[in-house]
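K.L.:
what would the 3D arrangement of this be:
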Amino acid sequence: MTVLMITGTGTEVGKTVVTAAVAAAAVAAGRSVAVLKAAQTGVAPGEPGDAEEVGRLAGPVTTAELARYPEPLAPATAARRAGLAPVRPDDVADAAEKLAASHDLVLVEGAGGLLVRFDAAGGTLADAAGTLGAPVLIVAPAGLGTLNATELTARELRARGLVPLGVVIGSWPARPDLAARCNVTDLPDVAGAPLLGAVPAGAATRAPAGFRTAARSWLAPEVGGTWDAEEFRRREGA
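P.N.:
Sure, this is the predicted structure:
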């Protein structure tokens, strides 16, 4: 696996912190890592974006950003309103391939959910993944409502002939409610793919050194960690 696409079931579900955890685990294993943000929205010129945040948390990784738009909107809408050129799926695929030529692992972080539009033609992260034939990691929230969004995302991937590698919970609460505990069992069932980790809420506020040390314990071996789903279920009463 040279290129891994990371998508969410929606916005603010923990994509960036999961991307940082996967990157940190890979760096700890001695792999060279590049992180590509397909389209950054809602960040002014000169301000750090998601790729920079991954670099801050994960350590020595190459970071790249294809386009930046000032308003916090879907990339196609933000590009149109700003009068700037949109990002197209082929641009994302080409950039990922170039990074893959000189890195062991390229992580491509999308914007929002899988079908958020990059351009007026309706191009999405799913189209870029299809061009590359890359697996897709789904980041989902822990609580009520996550099952429907996760199943729809996984179904769309399979309808396109793409592989949902698994699901990572992007922000696991310190005191999970009944829905969150039940979802630990139900998420892999609705996704038809394994649960591959749970990043604790507030992980991004940790000092970078502590984040890097802990990252592998939040992720399953398939994404470079030591996390065990069954042990997690037992511990959380799921």
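K.L.:
where in the protein is pLDDT low?
P.N.:
Along the chain, segments meeting pLDDT under 70 span 1.
K.L.:
can you show me the strands along it?
P.N.:
Along the chain, counting by DSSP state E, strands occupy 3-8, 33-37, 40-41, 62-65, 68-69, 105-113, 136-140, 164-172, 195-200.
K.L.:
so what are the sheet partners of the first one and their directions?
P.N.:
The pairing partners recorded for strand 3-8 under DSSP bridges are strand 105-113 (parallel), strand 136-140 (parallel).
K.L.:
of those, which approaches Ala128 most closely?
P.N.:
In terms of Cβ to Cβ, the element of those nearest to Ala128 is strand 105-113, at 7.1 Å. All C-beta atoms are positioned from the backbone trio N, CA, C, and that covers glycine.
K.L.:
by how many degrees do that closest one and strand 33-37 diverge?
P.N.:
Angle, strand 105-113 to strand 33-37, by axes from the mean of the first three to the mean of the last three Cα atoms, to 10 degrees: 20 degrees.
K.L.:
pull the CA atoms of strand 105-113 into CSV?
P.N.:
Extracted C-alpha coordinates of strand 105-113, given in CSV (Å, rounded to 0.1, in the frame of the first residue of the first chain):
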residue,chain,number,x,y,z
LEU,A,105,3.5,6.0,2.0
VAL,A,106,1.4,8.8,0.7
LEU,A,107,-1.7,9.8,2.7
VAL,A,108,-4.3,11.8,0.8
GLU,A,109,-6.7,13.6,3.0
GLY,A,110,-10.0,14.6,1.4
ALA,A,111,-12.3,17.5,2.3
GLY,A,112,-15.4,16.6,4.2
GLY,A,113,-17.1,13.4,3.0
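K.L.:
distance from that strand to the middle of the chain?
P.N.:
5 Å (Cα atoms, centre = their mean, to the nearest Å).
K.L.:
cool, stretch 165-172 as well?
P.N.:
Stretch 165-172 sits 9 Å away from the centroid of its parent chain (Cα atoms, centre = their mean).
K.L.:
repeat for stretch 48-67
P.N.:
13 Å.
K.L.:
residue most distant from the centroid, this protein?
P.N.:
Distance from the C-alpha centroid of the chain peaks at Gly83, with 27.6 Å (Cα atoms, centre = their mean).
K.L.:
circling back: just the strands paired with strand 3-8: most buried one?
P.N.:
strand 136-140 (a mean of 28; mean count of other Cβ atoms under 10 Å).
K.L.:
got the angle between it and strand 164-172?
P.N.:
Using the same axes, to 10 degrees: strand 136-140 against strand 164-172 is 30 degrees.
K.L.:
and strand 136-140 with strand 195-200, angle?
P.N.:
Angular relation of strand 136-140 and strand 195-200 on a 0 to 180 degree scale: 40 degrees, by the same axes, to 10 degrees.
K.L.:
alpha carbons of strand 136-140, as CSV, please.
P.N.:
Once non-C-alpha atoms are left out, strand 136-140 reads as follows in CSV (Å, rounded to 0.1, in the frame of the first residue of the first chain):
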residue,chain,number,x,y,z
VAL,A,136,-9.8,4.2,1.3
LEU,A,137,-9.8,4.6,5.1
ILE,A,138,-13.1,5.9,6.5
VAL,A,139,-13.1,8.2,9.5
ALA,A,140,-16.4,8.2,11.4
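K.L.:
residues contacting that strand, please?
P.N.:
The contact list for strand 136-140 (Cβ atoms under 8 Å, 6 or more residues apart in numbering) reads 4-9, 13-15, 18, 22, 114, 126, 129, 146, 149-150, 153-154, 157, 162-170, 187, 191, 193, 196, 223.
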